[in-house]
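Engineer: sequence and predicted model, in that order:
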Amino acid sequence: MIKLYFDGACEPINPGGTAAYGFIILRESVEGNGGFEVNKLTELYRESKIVAEGPGTSNNVAEYSGLLNALRWLQKNKLTPESIHCYGDSKLVVYQMGQDPGTGRQWKIKKGLYKPAAFRCKEIVKEFPRIKFSWVPREKNIADVISKQALRDRGVEFKIQPE
(Lines give C-alpha, C1' and ligand atoms only; values in the text may rest on other atoms or scores of the structure.)
Protein backbone atom coordinates (compact mmCIF):
# COMPACT_ATOMS: atom_id res chain seq x y z
CA MET A 1 0.00 0.00 0.00
CA ILE A 2 1.11 3.55 -0.77
CA LYS A 3 0.50 6.29 1.80
CA LEU A 4 0.47 9.83 0.47
CA TYR A 5 0.49 12.82 2.81
CA PHE A 6 0.04 16.27 1.23
CA ASP A 7 -0.26 19.82 2.52
CA GLY A 8 -0.09 23.45 1.48
CA ALA A 9 0.49 26.81 3.10
CA CYS A 10 0.13 30.45 2.11
CA GLU A 11 1.99 33.04 4.18
CA PRO A 12 2.18 35.74 5.50
CA ILE A 13 -1.31 36.55 4.13
CA ASN A 14 -4.00 34.36 2.64
CA PRO A 15 -4.95 34.89 -0.13
CA GLY A 16 -2.21 36.79 -1.88
CA GLY A 17 0.87 35.64 -0.01
CA THR A 18 3.49 33.10 -0.98
CA ALA A 19 1.97 29.66 -1.52
CA ALA A 20 3.93 26.43 -1.18
CA TYR A 21 3.10 22.75 -1.09
CA GLY A 22 4.69 19.64 0.27
CA PHE A 23 4.05 15.94 0.02
CA ILE A 24 5.61 12.68 1.08
CA ILE A 25 4.97 9.27 -0.45
CA LEU A 26 5.53 6.16 1.64
CA ARG A 27 5.24 2.46 0.91
CA GLU A 28 3.77 0.40 3.71
CA SER A 29 4.77 -3.24 3.89
CA VAL A 30 4.29 -6.01 6.41
CA GLU A 31 7.33 -8.03 7.36
CA GLY A 32 7.24 -11.25 9.32
CA ASN A 33 10.06 -12.25 11.60
CA GLY A 34 9.88 -15.18 13.99
CA GLY A 35 6.10 -15.19 14.10
CA PHE A 36 5.79 -11.43 14.58
CA GLU A 37 4.48 -9.14 11.88
CA VAL A 38 5.75 -5.58 11.71
CA ASN A 39 4.44 -2.74 9.56
CA LYS A 40 7.30 -0.98 7.84
CA LEU A 41 7.14 2.41 6.10
CA THR A 42 9.68 3.20 3.41
CA GLU A 43 9.92 6.71 2.01
CA LEU A 44 9.67 6.74 -1.78
CA TYR A 45 9.76 10.49 -2.41
CA ARG A 46 9.16 13.92 -0.88
CA GLU A 47 8.88 17.38 -2.38
CA SER A 48 8.44 20.97 -1.20
CA LYS A 49 8.04 23.83 -3.70
CA ILE A 50 6.72 27.35 -4.05
CA VAL A 51 3.54 27.44 -6.17
CA ALA A 52 3.18 31.18 -6.71
CA GLU A 53 3.29 34.57 -5.02
CA GLY A 54 0.84 37.45 -4.85
CA PRO A 55 -2.61 37.66 -6.43
CA GLY A 56 -4.08 34.31 -7.43
CA THR A 57 -2.47 32.39 -4.60
CA SER A 58 -4.20 30.91 -1.58
CA ASN A 59 -3.88 28.13 0.93
CA ASN A 60 -6.37 26.03 -1.08
CA VAL A 61 -4.31 26.52 -4.25
CA ALA A 62 -1.27 25.31 -2.30
CA GLU A 63 -3.14 22.28 -0.88
CA TYR A 64 -4.38 21.23 -4.30
CA SER A 65 -0.92 21.79 -5.82
CA GLY A 66 0.51 19.37 -3.27
CA LEU A 67 -2.00 16.68 -4.16
CA LEU A 68 -1.70 17.33 -7.90
CA ASN A 69 2.08 17.06 -7.95
CA ALA A 70 2.03 13.95 -5.78
CA LEU A 71 -0.47 12.27 -8.13
CA ARG A 72 1.69 13.22 -11.11
CA TRP A 73 4.71 11.67 -9.41
CA LEU A 74 2.75 8.45 -8.83
CA GLN A 75 1.69 8.43 -12.50
CA LYS A 76 5.23 9.03 -13.72
CA ASN A 77 6.48 6.16 -11.57
CA LYS A 78 3.72 3.82 -12.80
CA LEU A 79 2.12 3.37 -9.37
CA THR A 80 -1.48 4.06 -10.43
CA PRO A 81 -2.59 0.40 -10.03
CA GLU A 82 -1.43 0.30 -6.39
CA SER A 83 -3.69 0.75 -3.39
CA ILE A 84 -3.20 4.44 -2.49
CA HIS A 85 -4.36 6.14 0.69
CA CYS A 86 -4.15 9.96 0.62
CA TYR A 87 -4.07 11.96 3.84
CA GLY A 88 -4.56 15.71 4.08
CA ASP A 89 -5.60 18.26 6.68
CA SER A 90 -7.75 20.26 4.26
CA LYS A 91 -11.34 19.08 4.56
CA LEU A 92 -12.10 20.99 1.36
CA VAL A 93 -9.60 18.96 -0.69
CA VAL A 94 -10.19 15.61 1.03
CA TYR A 95 -13.99 15.80 0.80
CA GLN A 96 -13.99 17.12 -2.77
CA MET A 97 -11.75 14.27 -3.91
CA GLY A 98 -13.16 11.60 -1.59
CA GLN A 99 -16.26 11.51 0.57
CA ASP A 100 -17.45 13.38 3.62
CA PRO A 101 -17.87 10.60 6.21
CA GLY A 102 -20.85 12.45 7.69
CA THR A 103 -22.89 12.51 4.48
CA GLY A 104 -21.20 9.82 2.37
CA ARG A 105 -21.02 12.29 -0.53
CA GLN A 106 -18.36 14.39 -2.21
CA TRP A 107 -18.33 18.11 -1.66
CA LYS A 108 -18.93 20.18 -4.79
CA ILE A 109 -16.22 22.25 -6.41
CA LYS A 110 -17.81 25.68 -6.52
CA LYS A 111 -15.67 28.76 -6.91
CA GLY A 112 -12.29 29.92 -5.78
CA LEU A 113 -8.71 30.32 -6.87
CA TYR A 114 -8.22 26.57 -6.40
CA LYS A 115 -10.87 25.51 -8.95
CA PRO A 116 -8.55 24.76 -11.94
CA ALA A 117 -6.24 22.61 -9.81
CA ALA A 118 -9.21 20.80 -8.27
CA PHE A 119 -10.56 19.81 -11.69
CA ARG A 120 -7.08 18.65 -12.81
CA CYS A 121 -6.89 16.45 -9.70
CA LYS A 122 -10.37 15.06 -10.39
CA GLU A 123 -9.27 13.99 -13.88
CA ILE A 124 -6.04 12.37 -12.68
CA VAL A 125 -7.76 10.54 -9.80
CA LYS A 126 -9.81 8.64 -12.42
CA GLU A 127 -6.59 6.82 -13.37
CA PHE A 128 -6.24 5.39 -9.85
CA PRO A 129 -8.65 2.47 -9.41
CA ARG A 130 -7.76 1.92 -5.74
CA ILE A 131 -7.43 5.39 -4.22
CA LYS A 132 -9.06 6.75 -1.09
CA PHE A 133 -8.85 9.97 0.88
CA SER A 134 -8.86 10.62 4.62
CA TRP A 135 -8.81 13.83 6.59
CA VAL A 136 -6.25 14.07 9.39
CA PRO A 137 -5.69 16.92 11.86
CA ARG A 138 -2.71 19.18 11.07
CA GLU A 139 -0.66 17.73 13.92
CA LYS A 140 -0.95 14.24 12.39
CA ASN A 141 -0.18 15.38 8.84
CA ILE A 142 3.52 14.66 8.36
CA ALA A 143 3.50 16.78 5.20
CA ASP A 144 2.79 19.95 7.21
CA VAL A 145 6.48 20.53 7.96
CA ILE A 146 7.43 19.63 4.39
CA SER A 147 4.98 22.15 2.89
CA LYS A 148 6.49 24.95 4.97
CA GLN A 149 10.10 24.10 4.07
CA ALA A 150 10.05 25.97 0.76
CA LEU A 151 8.58 29.00 2.57
CA ARG A 152 11.32 28.86 5.21
CA ASP A 153 13.97 28.55 2.50
CA ARG A 154 12.51 31.66 0.79
CA GLY A 155 12.56 33.58 4.10
CA VAL A 156 8.78 34.04 4.23
CA GLU A 157 7.46 35.26 7.58
CA PHE A 158 4.88 32.98 9.22
CA LYS A 159 1.86 34.86 10.54
CA ILE A 160 -1.08 32.51 9.89
CA GLN A 161 0.06 28.95 10.60
CA PRO A 162 2.39 28.07 13.44
CA GLU A 163 5.81 26.81 12.49
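Structural biologist: Yep, that arrived. Remember, predicted model here, so these are calculated numbers, not experimental data.
Engineer: how about the strands of this structure, start to end?
Structural biologist: Counting by DSSP state E, the chain forms strands over residues 2-11, 18-33, 36-53, 84-88, 131-135, given from the N-terminal end onward.
Engineer: quick check: buried residues in the lengthiest helix in the chain?
Structural biologist: Ranked by residue count and defined by DSSP state H, the top helix of the chain is helix 59-76. Neighbour-count burial for helix 59-76, with 16 or more other Cβ atoms under 10 Å as criterion, is recorded at 59-71, 73-74. From N, CA and C alone the C-beta is placed, and that goes for glycine too.
Engineer: just stretch 22-38 next, same as before
Structural biologist: Residues of stretch 22-38 classed as buried under the neighbour-count rule (16+ other Cβ under 10 Å) are 22-26.
Engineer: nearest residue to Ala117 other than its sequence neighbours?
Structural biologist: Tyr64 (3.7 Å; Cβ to Cβ, 6 or more residues apart in numbering).
Engineer: hmm, Val93 and that neighbour touching each other?
Structural biologist: Yes: taking contacts as Cβ atoms under 8 Å, Tyr64 lies within contact range of Val93: 6.0 Å.
Engineer: what's the overlap in contacts for these two?
Structural biologist: Each of 118, 121 lies in contact with both Tyr64 and Val93 under the rule Cβ atoms under 8 Å, 6 or more residues apart in numbering.
Engineer: export the strands of the chain to CSV and tack on mean pLDDT and distance to Cys121?
Structural biologist: Formatted as CSV, the strands of the chain follow (pLDDT from 0 to 100; distance: least, Cβ to Cβ, whole Å):
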stretch, mean pLDDT, distance to Cys121
strand 2-11, 98, 10
strand 18-33, 91, 12
strand 36-53, 92, 14
strand 84-88, 98, 10
strand 131-135, 97, 10
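Engineer: so of the ones you listed, which one's packed in deepest?
Structural biologist: A comparison of the strands of the chain by mean neighbour count, using mean count of other Cβ atoms under 10 Å, puts strand 2-11 on top with a mean of 26.
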